[in-house]
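Colleague: Next come a sequence and a model predicted from it.
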Number of protein chains: 2
Amino acid sequence: MAVTIKDVAREAGVAACTISFAMNGSAHVADATKKRIFEAIEKLNYRPNQSARGLVKKKTNNIGLAISEVAEGLENSLLLEVIKGMGKAASEKNYDLLISFQKKKDDESHILDVYRKQSADGLILMGTKVGERPYKELLKHRFPFVLLGRPYKPGACSSVNADNSKAAYDGARYLIDKGHRRIGFITPCSLDYDAAQDRLEGYRQAMSDFGLDVQEDWIGIGSFDPSSGEKEAEAFLLREDRCTAILAGRDTIAANVIKRSQQLGFKVPSDVMVLSFDDSTLTQTATPSISALRMPMMQMGFESASLLIRMIEGEMSFEEANTILLPCEIIPRTSTAD
Amino acid sequence: MAVTIKDVAREAGVAACTISFAMNGSAHVADATKKRIFEAIEKLNYRPNQSARGLVKKKTNNIGLAISEVAEGLENSLLLEVIKGMGKAASEKNYDLLISFQKKKDDESHILDVYRKQSADGLILMGTKVGERPYKELLKHRFPFVLLGRPYKPGACSSVNADNSKAAYDGARYLIDKGHRRIGFITPCSLDYDAAQDRLEGYRQAMSDFGLDVQEDWIGIGSFDPSSGEKEAEAFLLREDRCTAILAGRDTIAANVIKRSQQLGFKVPSDVMVLSFDDSTLTQTATPSISALRMPMMQMGFESASLLIRMIEGEMSFEEANTILLPCEIIPRTSTAD
DNA sequence: GTAATTAACAAAAACGTTTTTCATAGGACA
DNA sequence: TGTCCTATGAAAAACGTTTTTGTTAATTAC
């Protein structure tokens, strides 16, 4: 079977506990003994059994990731980036990532089970919607957790998110700076999602800050429908005072906006500029290539895992709910070129 | 602290072992006692500690996923699908997914550590390249593992992969059936990757089966470069006996092929048809929309996890190396419309 | 009416670590 | 010479389960 601490002890001619002391650097072990021990470890390829270690230390060195209903469109193509970021933070600190999946739709027991079974030392909650119950129980028992891009009472717990509001503000401002006054806006999805709300709010704020009135029909509500964006583009362009720029809530929406605009005889970017969210391969390879606000997915993963690990290791009090908002970056491409 | 089996025992007025028996359904526990026990469990929200359970049962109920150097382009946008598939298989059988990350480039110790630390009951190996050492040690110790889309000596271990060769064959045949005789082919990346080799081979086979000679300059080697596909399209089209159809090794390559073709004055699909691999949002929203061979990413995740779990649970002998090749599906869109 | 069987539960050992406590041998010191 | 310290290491307890073995009382068989 697998090699245990006793095998190493026998090999090094020493008691089991001494192996443990040597490995954890805690007590006094003579240098000569240490040398023998590490040689034995190397020879036998010994690694402490995680279950046994976890049992006595009450620590698994896993960070839990609860994936609920995976969002239909938003995170999908970018999840790898997020996980990569988490992986970077985790492996630096010697943690693994334990993913717990939802068993049935609307069943959230997988979240609390991680805590109850003690299969991880903390949790990253990611997905679209979550009921109040899991939050409450985790908070009550002071089990470390971090929200990733999730809506919740601000200040009640730590969370990491892209600064959607600022991104929309910056995007609108970018278009305003290019001389546009009539700017259409399409949300990435229904206003049930707070990413949609935040983006809309940022857009409104920018318009207002620069003294521009927003016509209510300059605002369209996008969806996950594959053709979302076409109708909205049409509405923005086929009117007396047509929009000269459009801020599209998501990459596929931007693609549809451009397609429909071209069909209607408007050139992008000369007649109408289009700026998108969610930088992906789609925005890079489209013709014209699409300018986009890049969400820092990898960094979001990294920061959420780092924050969680700091909470786990007690470097951060549980009370100071840390809200991290990460800035987005504008990637200018052809669709907004002068 | 967390609630233990002893708390439940006290609550139910019974010994700890009886709780265990009741939960695992193994021994005879009186129905009345069972009822009291399950009420106590419910009341206290008890779940067995995974470390303790794992220690005595020598089983973690985790399936390990070792992500090495994550491929630059191929799996990226589709990883979520793969993980979703794994999640489905795992959660059905009450497993969690434990992801172990590479600490440094070219360092593969994270693979063997999962086995040595016994933090999972088996491993799914996914990525691009892996040295011989990890395979050998895992095989030697009969630690269950499954290769996901990986090159290795056939028959030496179980693996799951998309049937790239057949996909390319079917794709070529699809174009041949539409009357094309001069069909260009672009690999998704360098021939170091066996997915590229398999696809090329399938293409050659189809051409040969239908009595069509392959001109060597109908074959282009694609890359992860964002503009990959443009040069190749040019080469295929600007010659006496120009190609009338192109089989593009990847979605971005297909997009570039179409872009360049149009720039050269060829209409897609009337002058040249384009069929792509790797169905993604890009292929759906492009204009014209791009026909593609859809890789069954979710199913690959599902099958690899299912296979691994069967190995773990001893339902499958370790010796019968199971090679699962999953068929791809042609999604016809505008770029190959008659 | 007693022996054998069975049903229901408890006691205790085991899993592989870590950690607290204990033991021994030298050496320093008086 | 005896006491005290220190360096080094071992013994033993603990972590929370599962599982093997024991124990008791009730039931069945003769």
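Modeller: Done, it's in.
Colleague: Please make it C-alpha for all contacts and neighbour counts, starting now.
Modeller: Fine.
Colleague: Within range of chain B, give me the residues from the stretch 101-250 of chain A.
Modeller: Listed as neighbours of chain B in the stretch 101-250 of chain A under the rule Cα under 8 Å from any Cα of the partner chain: A:Phe101, A:Gln102, A:Lys103, A:Asp113, A:Arg116, A:Lys117, A:Gln118, A:Ser119, A:Pro226.
Colleague: how about CSV for the residues you listed, with neighbour count and secondary structure added?
Modeller: Output for those, formatted as CSV (neighbours: other Cα atoms under 10 Å in any protein chain shown; DSSP: H, G, I helix; E, B strand; the rest coil):
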residue, neighbour count, secondary structure
A:Phe101, 28, strand
A:Gln102, 21, coil
A:Lys103, 18, coil
A:Asp113, 18, helix
A:Arg116, 21, helix
A:Lys117, 19, helix
A:Gln118, 24, coil
A:Ser119, 25, coil
A:Pro226, 13, coil
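Colleague: and of those residues, the nearest to chain B?
Modeller: A:Lys117 (4.7 Å; Cα to the nearest Cα).
Colleague: B:Arg47 is in contact with the closest one, correct?
Modeller: Yes: with contact defined as Cα atoms under 8 Å, A:Lys117 and B:Arg47 form a contacting pair (5.3 Å).
Colleague: number of nearby residues for whatever residue of the stretch 201-338 of chain A ends up closest to chain B?
Modeller: For the stretch 201-338 of chain A and chain B, the shortest gap (Cα to the nearest Cα) falls at A:Leu282, measuring 5.1 Å. For A:Leu282, the neighbour count with other Cα atoms under 10 Å in any protein chain shown is 24.
Colleague: Next up, the contacts around it.
Modeller: Neighbour list for A:Leu282: A:Asp251, A:Thr252, B:Thr281, B:Leu282 [criterion: Cα atoms under 8 Å, 6 or more residues apart in numbering or on different chains].
Colleague: Tell me, how many residues neighbour A:Arg333?
Modeller: For A:Arg333, the count of nearby residues is 17 (other Cα under 10 Å).
Colleague: Need the distance between the two termini of stretch A:206-218.
Modeller: Using Cα to Cα, to the nearest Å, the span of stretch A:206-218 from its first residue to its last is 14 Å.
Colleague: coming back round to it: so which of the contacts of A:Leu282 is the most crowded?
Modeller: Neighbour counts for the contacts of A:Leu282 (other Cα under 10 Å) peak at A:Thr252, which has 29 neighbours.
Colleague: you'd agree A:Ser289 is up against A:Thr283?
Modeller: Yes: look at A:Ser289 against A:Thr283 with Cα under 8 Å: they come within range, at 5.8 Å.
Colleague: the more surrounded of these two?
Modeller: A:Thr283 (26 against 19).
Colleague: Pull the contacting residues for the nearest residue to that one once chain neighbours are set aside.
Modeller: Spatial nearest neighbour of A:Thr283, chain neighbours left out: A:Ile290 (4.7 Å); criterion: Cα to Cα, 6 or more residues apart in numbering or on different chains. By Cα under 8 Å, 6+ apart, A:Ile290 lies in contact with A:Ala254, A:Ala255, A:Val274, A:Leu275, A:Ser276, A:Thr283, A:Gln284, A:Pro332, A:Arg333, A:Thr334, A:Ser335, A:Thr336.
Colleague: residue contacts, the closest residue to A:Glu108 other than its chain neighbours?
Modeller: Closest residue in space to A:Glu108, ignoring its immediate chain neighbours: A:Gln102 at 6.5 Å, by Cα to Cα, 6+ apart. Counting by Cα under 8 Å, 6+ apart, A:Gln102 touches A:Ala66, A:Ile67, A:Ser68, A:Glu69, A:Glu108, A:Ser109, A:His110, B:Ser91.
Colleague: 7 Å - rerun?
Modeller: A:Gln102 makes contacts with A:Ile67, A:Ser68, A:Glu108, A:His110, as judged by Cα atoms under 7 Å, 6 or more residues apart in numbering or on different chains.
Colleague: Could you tell me which residues within stretch A:54-72 count as buried?
Modeller: Using 16 or more other Cα atoms under 10 Å in any protein chain shown as the test for burial, stretch A:54-72 gives A:54-55, A:59-70.
Colleague: Between those, which sits nearest B:Val29?
Modeller: For the buried residues of stretch A:54-72, the residue nearest B:Val29 by Cα to Cα is A:Leu55; the value is 27.9 Å.
Colleague: I'd guessed the closest one sits against B:Ser51; true?
Modeller: Yes: with contact defined as Cα atoms under 7 Å, A:Leu55 counts as touching B:Ser51 (5.2 Å).
Colleague: who's A:Arg294 bridged to?
Modeller: Legend: beta-bridge partners of A:Arg294 under DSSP bridges are A:Glu329.
Colleague: So it sits against A:Ser280, correct?
Modeller: No: using Cα under 7 Å, A:Arg294 makes no contact with A:Ser280, being 8.3 Å away.
Colleague: ok, what's across the strand from A:Leu147?
Modeller: Residues in beta-bridge contact with A:Leu147 (DSSP bridges): A:Leu125, A:Ser159.
Colleague: any idea how far chain B is from it?
Modeller: Plainly put, A:Leu147 is 19 Å away from chain B if you go by Cα to the nearest Cα, to the nearest Å.
Colleague: how about that residue, what does it touch?
Modeller: A:Leu147 is in contact with A:Ile124, A:Leu125, A:Met126, A:Ser158, A:Ser159, A:Val160, counting by Cα under 7 Å, 6+ apart.
Colleague: So which of these is the closest to DNA strand C?
Modeller: Nearest to DNA strand C among the contacts of A:Leu147, counting by Cα to the nearest atom of the strand, is A:Ile124 at 25.4 Å.
Colleague: contacting residues around that closest one?
Modeller: Residues in contact with A:Ile124 (Cα under 7 Å, 6+ apart) are A:Gly64, A:Leu65, A:Ala66, A:Phe145, A:Val146, A:Leu147, A:Leu148.
Colleague: Quick one: low-confidence residue ranges for chain A.
Modeller: A:69-78, A:127-130, A:150-154 (pLDDT under 70).
Colleague: For it, which segments count as helices?
Modeller: Counting by DSSP state H, chain A has helices at residues A:5-12, A:16-24, A:31-44, A:50-57, A:79-92, A:109-117, A:132-140, A:164-177, A:194-209, A:230-237, A:251-263, A:281-285, A:297-312.
Colleague: do you know which of these lies nearest DNA strand D?
Modeller: So among the helices of chain A, helix A:50-57 is nearest, using Cα to the nearest atom of the strand, at 3.5 Å.
Colleague: What residues does the stretch 151-300 of chain A have near DNA strand C?
Modeller: For the stretch 151-300 of chain A, the contact set with DNA strand C under Cα under 7 Å from any atom of the strand is empty.
Colleague: which bits of the stretch 1-150 of chain A sit near DNA strand D?
Modeller: Counting by Cα under 7 Å from any atom of the strand, the stretch 1-150 of chain A comes close to DNA strand D at A:13-18, A:28-34, A:52, A:55-56.
Colleague: Are any of these buried, and if so which?
Modeller: A:Ala16, A:Thr18, A:Thr33, A:Lys34, A:Ala52, A:Leu55.
Colleague: and chain B, which of the residues you listed contact it?
Modeller: Restricting these to those adjacent to chain B (criterion: Cα under 7 Å from any Cα of the partner chain) gives A:Ala52, A:Leu55.
Colleague: Pick out the most distant pair among the buried ones among the residues of the stretch 1-150 of chain A next to DNA strand D.
Modeller: Using Cα to Cα, the two most remote members of those are A:Thr33 and A:Leu55, lying 27.3 Å apart.
Colleague: which ones are touching the closest residue to A:Ile5 other than its chain neighbours?
Modeller: Nearest non-adjacent residue to A:Ile5, counting by Cα to Cα, 6+ apart: A:Ala16, 5.9 Å away. Going by Cα under 7 Å, 6+ apart, A:Ala16 touches A:Ile5, A:Lys6, A:Ala9.
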